[in-house]
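Student: 3D, please:
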Amino acid sequence: MLVFREHIGASELIIWRMDETLEEMMELTEHHYDHELAEISNPTRKKERITSRFLLETLVGRKVEIKYEESGKPICRGINFSISHTKNYVAVIVGKEPVGENSVSVEGNLVSVEGNPVSVGENFAQVGVDIEYKNDRIFRVTEKFMHPEELKILSECTEKQKFALLCWCAKETAYKILDENGVDFAEMNCKVNFNEINLTYKNRDFTLKFMDFSEFFIVFS
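Tutor: Predicted coordinates:
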């Protein structure tokens, strides 16, 4: 069931609650992705996979063929996108426009502006999204992924779960945008404001948006 769909700047974000059966989702996608499901044994993972395909094709208006890099990152020729899922929810964001006026195309990590290769960060607004169900399990790993300054804020703030989960979501989102090996979440430092998060990592700054729903948080760029 559709929970949220909206254009946000140059991107479009969609959130779906997985109320449908696997068979219903397969019908909605006209069985186009059945071959992908055959490779998955876990029923929940099957629903997440088919739902993410349905949402992505909903946003781009066509069937999609997704491949995976060695890192596990999903890629699809000509589409700048990111996928995330949590307990019973799936979120997909698609970058609709480049930064600036040039025509941009993407194939994996290869980006071309008017046919000329450039880095993703140079002219293209790479997107990322992370959605996390609200629960206290996050406190089991705060010492591993939080920056010392974040741990200090966590010890003093009243909304501890919210702060910890937003930091985690922000770092997952930045990680997807960076698409690098060896990223250390504990070196990322988040400043949570009213509706955005400023994240710093090795002299690189990210401004990420977030939303607070009744059952989950979502961070995106």
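Student: how deep is K160 tucked in, by neighbour count?
Tutor: K160: 16 surrounding residues under other Cβ atoms under 10 Å. For glycine as for every other residue, the C-beta is placed from the backbone atoms N, C-alpha and C.
Student: Tell me where this protein has strands.
Tutor: 2-8, 11-17, 67-68, 74-75, 81-86, 89-95, 104-107, 110-113, 116-118, 129-133, 189-192, 196-201, 204-212, 216-220 (DSSP state E).
Student: Can you tell me how far the residue most central in space within the chain is from K152?
Tutor: Closest residue to the average C-alpha location of the chain: V129 at 2.1 Å, with Cα atoms, centre = their mean. Distance, V129 to K152, using Cβ to Cβ, to the nearest Å: 28 Å.
Student: where does the residue nearest to the centre of the chain land on pLDDT?
Tutor: Model confidence at V129, expressed as pLDDT, equals 98.
Student: ditto for F194
Tutor: So, for F194, pLDDT stands at 88.
Student: next one: the one 5 residues further on
Tutor: Per-residue confidence for L199 comes out at a pLDDT of 98.
Student: For it, which non-adjacent residue is closest in space?
Tutor: The shortest distance from L199 to any non-neighbouring residue, by Cβ to Cβ, 6 or more residues apart in numbering, is to F206 (4.4 Å).
Student: and what of V90?
Tutor: T51 (4.6 Å).
Student: I'd assumed R17 was in contact with that neighbour.
Tutor: No - counting by Cβ atoms under 8 Å, T51 stays clear of R17, with 9.4 Å between them.
Student: Of those two, which one has the most company?
Tutor: T51 (23 against 15).
Student: Contacts only, for the more buried one.
Tutor: T51 sits next to 16, 18, 25, 85, 90 when contact means Cβ atoms under 8 Å, 6 or more residues apart in numbering.
Student: That's all I had, so thanks and see you.
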